[in-house]
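Peer 1: after the sequence you'll find the predicted model.
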Amino acid sequence: MMKNYTITVNGNVYDVTVEEGQTSGAPAAAPKAAPKAAPKAAAPAAAPAAAGSVTVAASVPGKVFKVEASVGQSVKAGDNIVILESMKMEIPVVAPQDGTVASINVAVGDAVENGDTLATLN
């Protein structure tokens, strides 16, 4: 059985047909679970250079498009910290919890990999 969907991405409308029974969503979910474990392993190494105890890590490889927060700024969970550009899409990296920005570890134009520390919060 086929299902039709209309999807809008960055203002462009796409008509998509999906065959029922495909598990296209499952493979995408698996890589998202791995990055959550990686930043915790990297946090102790980054701690001496970074002032904060909460790591804000890149969820995808890409280039730093914009830095939205500044050191000392108070942020709420879900506030944009950094905007990454990956595959011509702008991807916001948000604060995982309420806090104060302790460090910004990247600059506009920097290339980052999945799991790299972008900023830290207290």
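Peer 2: That came in fine, so what should we check first? Predicted, not measured: the structure shown is a model, and the values here were computed from it. Numbering: from 1, shown residues only.
Peer 1: what ranges does this structure have for its helices?
Peer 2: Along the chain, the segments classed as helices by DSSP state H run 25-46.
Peer 1: pLDDT weak spots in it?
Peer 2: Low-confidence segments of the chain, defined by pLDDT under 70, span residues 20-51.
Peer 1: burial check on the residue nearest to Glu90 when sequence neighbours are not counted, number of neighbours?
Peer 2: Once its chain neighbours are removed from consideration, Glu90 has its nearest residue in Ile83; the separation is 5.3 Å (Cβ to Cβ, 6 or more residues apart in numbering). (Glycine included, C-beta is placed from N, CA and C.) For Ile83, the count of nearby residues is 16 (other Cβ atoms under 10 Å).
Peer 1: distance of Ile83 from Ser59?
Peer 2: Summarising the geometry, the distance separating Ile83 from Ser59, computed by Cβ to Cβ, to the nearest Å, is 12 Å.
Peer 1: shared neighbours, the two?
Peer 2: By the contact definition Cβ atoms under 8 Å, 6 or more residues apart in numbering, Ile83 and Ser59 are jointly contacted by Ile91, Val93.
Peer 1: who's in contact with Pro96?
Peer 2: By Cβ under 8 Å, 6+ apart, the residues touching Pro96 are Val54, Val56, Ala77, Leu121.
Peer 1: can you tell me which residues contact the closest residue to the last one other than its chain neighbours?
Peer 2: In other words, Leu121. What sits nearest to Leu121 in space, not counting adjacent residues and going by Cβ to Cβ, 6+ apart, is Gly99, at 3.7 Å. Counting by Cβ under 8 Å, 6+ apart, Gly99 touches Gly52, Val54, Ser74, Val75, Leu121, Asn122.
Peer 1: can you name the residues bridging to Gly99?
Peer 2: Taking DSSP bridges as the rule, Gly99 bridges to Val75.
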